[in-house]
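# Prediction below, plus the sequence it came from.
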Amino acid sequence: MRISNKYKVREMAGQHVVIIQGRNGEDMTRIISLNKTSLFLWNSLYGKDFEIGDVACVLMREYGIDEDLAMKDAGDWCAKLEECKLLA
Amino acid sequence: MGADTDRILVIPNDVFFSRVCESLGEGGKVTFTVKGHSMFPFLRSGKDRVCVVKPESGGLTAGDVILFRFRGNYILHRIYRIRKTPDGAPLYVTMGDGNTRGTETAVPASVAGVMVKRITPEGREWECGSLSWKFCSLVWMKLLFVRRWCLAVLRRICR
C-alpha cells in the first residue's frame, strides 16, 4: 500500500491535518487530524510502498514496543488510512 | 489520527482563511461551511457549504459573492456596486444579503476568492453561473428597500 500523493499534511491552529480533496476541490468540512504518532508514521512512510510489517518496524524502532503490540497498532493505523480513503 | 472521527474543529477566522487563501492562490477550489447570518437567505449559517475559486483579474461584476479581507477578518459578501478609485482601479462595495444596512469596500488585492457554487446539506448544488441564481440574486438586490420585511418573513419560514 501507499499513501496517496494527493494528500499533504498541513499545520492549522496548532494541529497537523490532512484536508480531503473532493469533487469541489479542498473540502475544508472534512479534515483529518493527525496525532503525534500518526504524524510520525505519515512522515516516515509518505511516498513509499509499505506493508503492515513495515509500519510495525517503524513503531518498534521509534517506541521500543514489542512486535505483537506494534503489529496490532500498525494494523489499526493502516485500517484507519483505508477507512479515510488516504491510500493510493 | 484522532480516535474520534466526528470531532468538530473550530479554527479562528484568520487562521482558517489564511489556509483557504493559500489553496486559492495555488489555483485550487475550496469548499467550506459558512458561519454567520449575514448572507441569509442565500447562505444558511452552519448548513450551507460554498465552493470558492480565485477570481480572474477584472472578471468580477455586481452580484458576485466574494471572499475578501476587511479590517483583519475574512468576509463572504456580495458585490452591490463597483466604483472606481482615483487611479482608475475598481473598488467593490459589498453588503451581506442578510443585512439591511452597512456596506464594506474591497480592492482587487484584498479579494481572495469568488463563490461559484452553493451546496446544501442534502448535497444539492446551486451554480452561481446559473440563470436561476443570477435571477434570484438580482431580485434580492433590487428589493433592498423592502428587505427588512422580506427577511422577517423568510426567517419565520426557514426556522
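Here it is on my side, so go on. This is a predicted model, so every value here is computed, not measured.
# Spell out which residues of chain B are next to chain A.
Contact residues, chain B versus chain A (C-beta under 8 Å from any C-beta of the partner chain): B:1-2, B:7, B:9, B:11-12, B:15-16, B:19-20, B:23, B:28-33, B:49, B:51, B:53, B:117, B:119. From N, CA and C alone the C-beta is placed, and that goes for glycine too.
# Which among the residues you listed count as buried?
Among the residues of chain B next to chain A, those classed as buried by 16 or more other C-beta atoms under 10 Å in any protein chain shown are B:1, B:11, B:16, B:19-20, B:23, B:29-33, B:49, B:51, B:53, B:117, B:119.
# Phi, psi for the residue of chain B at minimum distance from chain A please.
Going by C-beta to the nearest C-beta, chain A is nearest to residue B:29 of chain B, at 2.6 Å. The phi/psi pair for residue B:29 (degrees, to the nearest 10) reads phi -110, psi 140.
# nearest spatial neighbour of the residue nearest the centre of chain B, skipping sequence neighbours?
Residue closest to the average C-alpha location in chain B (C-alpha atoms, centre = their mean): residue B:76, at 3.1 Å. Nearest non-adjacent residue to residue B:76, counting by C-beta to C-beta, 6 or more residues apart in numbering or on different chains: residue B:67, 5.0 Å away.
# Point me to the helix or strand that includes the one you found.
Applying DSSP states H and E as the criterion places residue B:67 in strand B:65-70.
# by contact count, what packs against that strand?
Identification of packing neighbours for strand B:65-70 by 3 or more C-beta pairs under 8 Å, 6 or more residues apart in numbering or on different chains; DSSP states H and E yields helix B:13-25, strand B:73-84, strand B:90-95, strand B:104-106, strand B:111-119.
# How about residues contacting the first one?
Right, the one you point to is helix B:13-25. A:10, A:12-13, A:25-26, A:28, B:30, B:32, B:52-54, B:67, B:69, B:72-74, B:112-113 (C-beta atoms under 8 Å, 6 or more residues apart in numbering or on different chains).
# Surely residue B:101 is within a helix?
No: using DSSP: H, G, I helix; E, B strand; the rest coil, the assignment for residue B:101 is coil, not a helix.
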